[in-house]
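[1] Provide a 3D model corresponding to the input given below.
(one chain, ligands or ions: 1)
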Amino acid sequence: MGVETVRLTVTQAAPFRFRPAKHHVRRGGKIRVVLENQTDIPHNAEIRELGVKTRVITYGVVESTEVTIPSGGVFEVICGVPGHLAAGMRAEIDRS
Ligand SMILES: [Cu+2]
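    Now for the predicted structure:
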């Protein structure tokens, strides 16, 4: 089985949003979280309850991290740059 990819993009039109904000993964095991930042504001992607995060990146950089995702539950992805979660930078990965 391949590694399933969850791709999060941040665009100039909504520079404090991950798009898409909802993801569903079908398989257990490892997933790859890919962050593409199309803004000049630094962002990262973190799943704190699973202890993973990408580097903080700026414009045009794509960063990824792999994590084993347990079955059952919804995992929150946030941006760890101070103030960005409060501004709405969160997404969900549903692994039901
Ligand atoms: Cu951010």
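
[2] okay, CA-based contacts and neighbour counts for the rest of this
    Will do.

[3] which residue is nearest the middle of this structure?
    Using C-alpha atoms, centre = their mean, the residue of the chain that lies closest to the mean C-alpha position is Ala45, 4.4 Å off.

[4] Can you tell me the closest non-neighbouring residue to that one?
    Across the structure, with C-alpha to C-alpha, 6 or more residues apart in numbering as the measure, the residue nearest Ala45 apart from its sequence neighbours is Cys79 (4.9 Å).

[5] so what's that neighbour up against?
    When the contact criterion is C-alpha atoms under 8 Å, 6 or more residues apart in numbering, the partners of Cys79 are His43, Asn44, Ala45, Glu46, Leu85, Met89, Arg90.

[6] State which one residue of the chain is found closest to the ion.
    His43 (3.6 Å; C-alpha to the ion).

[7] Look at that residue and report its pLDDT.
    According to the model's per-residue confidence, His43 sits at a pLDDT of 98.

[8] Also the one 3 residues further on?
    Per-residue confidence (pLDDT) for Glu46: 97.

[9] How about it: what's its closest non-neighbour residue?
    The shortest distance from Glu46 to any residue that is not its chain neighbour, by C-alpha to C-alpha, 6+ apart, is 4.1 Å, and that residue is Lys53.
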